[in-house]
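> Below: sequence and its predicted model.
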Amino acid sequence: MTTLQTVFAKAKADNRAALVGYLPAGFPSKDGAIAAAAALVEAGCDVIEIGLPYSDPLMDGPTIQDAVHRSLSNGTRIADVLRTVEGVAATGAATLVMTYWNPIDRYGADRFARDLAAAGGVGTITPDLTPEESEPWRAASAAAGIDTVFLVAPSSTEERIKAVVDCCTGFVYAASLMGVTGARETVNVAAEGLVERTRAHTSLPVCVGLGVGTGAQAAEVASYADGVIVGSAFIRRLLDAPDEAAGRESCAALARDMARGVRR
């Protein structure tokens, strides 16, 4: 199993940033999600985040909300998320789950951590779980041998950044802006400063997400971050495609452009 530590060490040795792709489980179909993620890996993504569809996605913009709605309409459940993780992890890519806290809490933290590890998952990103409430989940994750990733934002104080990074074991997710997900014409200029501020408190890799949609933007972020996270841009390719096969190829083409970008 490829670990996050392995991924970031290799990327650093290659003098580049890691490319992290996000897709929700169950979209465009249950099997289609695995196939699309595998296409991203083949095209150059080092890490894949599998989204656990949730009916109240506070952080998700309209593109991801659309995909999540379709996933839920497809009947996607946690068992399907775990099967997706298993299928993607089989490609050799480090595979995480990005999820809001409520589904884990309802499933059972210890059980979820064990089942995720058994499926080949290497960790979770929990955008709405605060450091103050995270100890039970961090303990369950440590016991299962999986990493925990939490978010910092441009509005985060130095004290908040310190509290967040102290809860992270895989990498730190630096949200480039205040707001919801979605590709944008430019990446918020605050992102670079946030990476610098975060690095003052941790030696963990710092990855930037929210707003990256082109190879040029990936190159820009890769010049100062350890990883570039792309989600909505890939999902938009799937949403706009006439069928799943065309969507996969469109995603792969974008991933190849992004992979070149993180290597510039």
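Alright, I've got the coordinates. Numbers count the residues shown, from 1 in each chain.

> what helices or strands is the worst-scoring helix or strand of the chain on mean pLDDT leaning on?
One helix or strand of the chain scores below all others by mean pLDDT, DSSP states H and E: helix 62-73, with a mean of 91. With contacts taken as 3 or more CB pairs under 8 Å, 6 or more residues apart in numbering; DSSP states H and E, helix 62-73 sits against strand 18-24, helix 232-240. Any C-beta I mention is one placed from the backbone N, CA and C, and that applies to glycine too.

> With only the CA atoms kept, save the helix or strand just after it in PDB.
Using DSSP states H and E, the helix or strand that follows helix 62-73 in sequence is helix 78-89. In PDB, the C-alpha atoms belonging to helix 78-89 read as follows (Å, rounded to 0.1, in the frame of the first residue of the first chain):
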ATOM      1  CA  ILE A  78     -20.700   3.800   2.900                       C
ATOM      2  CA  ALA A  79     -20.200   0.300   1.700                       C
ATOM      3  CA  ASP A  80     -20.000   1.600  -1.800                       C
ATOM      4  CA  VAL A  81     -17.500   4.300  -0.700                       C
ATOM      5  CA  LEU A  82     -15.300   1.600   0.900                       C
ATOM      6  CA  ARG A  83     -15.600  -0.500  -2.300                       C
ATOM      7  CA  THR A  84     -14.500   2.500  -4.300                       C
ATOM      8  CA  VAL A  85     -11.500   3.100  -2.000                       C
ATOM      9  CA  GLU A  86     -10.500  -0.600  -2.500                       C
ATOM     10  CA  GLY A  87     -10.700  -0.300  -6.300                       C
ATOM     11  CA  VAL A  88      -8.700   2.900  -6.400                       C
ATOM     12  CA  ALA A  89      -6.100   1.800  -3.900                       C
END
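
> Pull out the buried positions in helix 78-89.
Residues 78, 80-89 are the ones in helix 78-89 that count as buried (16 or more other CB atoms under 10 Å).

> List of residues touching that helix?
Here helix 78-89 makes contact (CB atoms under 8 Å, 6 or more residues apart in numbering) with 1-2, 25-26, 30, 33-34, 37-38, 41, 48, 50, 52-53, 95, 97, 103, 107, 112, 115-116, 119-122.

> Please pick the buried ones from the residues you listed.
The neighbour count (16+ other CB under 10 Å) marks 2, 25-26, 30, 33-34, 37-38, 41, 48, 50, 52-53, 95, 97, 103, 107, 112, 115-116, 119-122 as buried among these.

> on that earlier part again, for residue 261, find the nearest of the helices and strands packed on helix 62-73.
Minimum separation from residue 261 across the helices and strands packed on helix 62-73 (CB to CB) falls at strand 18-24, 8.2 Å.

> Give me the distance from the closest one to the chain's centre.
For strand 18-24, the separation from the chain centroid amounts to 5 Å (computed by CA atoms, centre = their mean, to the nearest Å).

> in that strand, what's buried?
Buried residues in strand 18-24 (16+ other CB under 10 Å): 18-24.

> How about stretch 235-242?
Neighbour-count burial for stretch 235-242 flags 235-238, 241 (criterion: 16+ other CB under 10 Å).
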